[in-house]
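**Student:** my questions are about this predicted structure, shown below with the sequence.
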Amino acid sequence: MSNELNPVKIAQLLTKSAQQLDNATLSALEKARHKALERQSTRVPVLTFTSASGHATARWADRLIPHSAAPWIAAVLLAAILLAGTSYWKNVQEQQIDDTDVAILTSDLPIEVFVN
Amino acid sequence: MCTSAELSQFLSNVERRAFKHAVFAVHDNHAALDIVQDSMLKLAEKYGAKPVEELPMLFQRILQNNIRDHFRRHKVRSSWISLFSALQPRHDEEEIDLLEVLEDGENNSSPLPPEESLKQKQIIAIVEQALGKLPPRQREAFLLRYWEGMDTTDTAAAMGCTEGSVKTHCSRAIHALAVSLKAKGVELP
């Protein structure tokens, strides 16, 4: 019994039905389409290096770093920059303290130390 | 990467069918329009940079997820409504009958003679009613496979199930449709 039903014929009827949509619906669908096109993502893959082989490089980078991982990579990079900055600043401070200690021991303090 | 023209072409090809998919599922034209619009926006925003050949599967997946989200929201809303129903007067929502929707389309000019046109519309209405009564997964599989023309692999990917499940759903859908149409004495032209 079920073998008598031809799904292709059903599909044809459905297509005819879809072609008979009212104007209000068609206009709403068209508006929705335009809205969607305005928001089309034109995202460039992260960490892409521009080169002569533009698209190939972009796709390679996109495959290497998926978009979902991009925020995590950015966060890790930011954390690394902050860590490097803090350690550099600490190092400079320690160097200044060492210089002052040496100056005290050798009684060779610069004049600005005595200036209030 | 898909260009704006390619995306526009794809959306204009698929929008009517997508609307009908949503209507079969939610039985509400306004909700169906919202679902299709949301699906188009999501596709453009999140997958606008994907190759054009990947769009049909992605769009169908988004559409089906949005239909499911609609039912989830509807379920939550109706649970709140039932909670406060004793305090508030009941508002009967207008139910849109597919038959009425199709009858509205009679104003459109049709190349068929009136009798044939009427007969075809009646058959379409019965077929659409039968489709609307199918279990959601069966209807989804049937429409993707035979209306969207997707192969079993793509249908399975869009539905998030195995190819075996797609075949089972399709077979059951065809059987149920055949029984339903035969019960109403419909013979497909």
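**Tutor:** Received it, and whenever you're ready, just let me know what you need.
**Student:** going by C-alpha atoms from here, please, whenever you check contacts or count neighbours.
**Tutor:** Noted.
**Student:** from the centroid of the chain, which residue is nearest?
**Tutor:** No chain in the question, so chain A it is. By CA atoms, centre = their mean, chain A has its centre lying nearest to A:Ala70, at 4.5 Å.
**Student:** look at chain B instead
**Tutor:** B:His21 (1.0 Å).
**Student:** so that residue is in which element?
**Tutor:** Using DSSP states H and E, B:His21 maps to helix B:4-26.
**Student:** and for B:Phe59?
**Tutor:** Here B:Phe59, judged by DSSP H and E, is contained in helix B:55-84.
**Student:** go on, A:Ser87?
**Tutor:** Assigned by DSSP H and E, A:Ser87 belongs to helix A:70-105.
**Student:** that helix: how far from the chain's middle?
**Tutor:** 27 Å (CA atoms, centre = their mean, to the nearest Å).
**Student:** within range of chain A, give me the residues from chain B.
**Tutor:** Proximity of chain B to chain A is confined to B:4, B:7-8, B:11-12, B:15-17, B:20, B:33, B:36-37, B:40-49, B:104-105, B:108, B:121, B:124, B:127-128, B:143, B:146-147, B:174-179, B:188-189 under the rule CA under 8 Å from any CA of the partner chain.
**Student:** swap in 7 Å and give it another go.
**Tutor:** B:4, B:8, B:11, B:15-17, B:20, B:37, B:40-41, B:44-49, B:105, B:124, B:146-147, B:174-175, B:178, B:188 (CA under 7 Å from any CA of the partner chain).
**Student:** list only those of the residues you listed flagged as buried.
**Tutor:** B:4, B:8, B:11, B:15-17, B:20, B:37, B:40-41, B:44-45, B:47-49, B:105, B:124, B:146-147, B:174-175, B:178, B:188 (16 or more other CA atoms under 10 Å in any protein chain shown).
**Student:** what is the least confident helix or strand in chain A?
**Tutor:** Every helix and strand in chain A was compared by mean pLDDT, DSSP states H and E; the lowest is helix A:54-64, with a mean of 56.
**Student:** quick one on the thing from earlier: tell me how far the residue nearest to the centre of chain B lies from chain A.
**Tutor:** 10 Å (CA to the nearest CA, to the nearest Å).
**Student:** so what's that residue up against?
**Tutor:** Listed by CA atoms under 7 Å, 6 or more residues apart in numbering or on different chains, B:His21 has no contact partners.
**Student:** re earlier: now do the helix or strand just after the helix holding B:His21 against helix B:55-84, angle only.
**Tutor:** Going down the chain from helix B:4-26, the next helix or strand is helix B:29-47, by DSSP H and E. On the basis of axes from the mean of the first three to the mean of the last three CA atoms, to 10 degrees, helix B:29-47 is oriented at 130 degrees to helix B:55-84.
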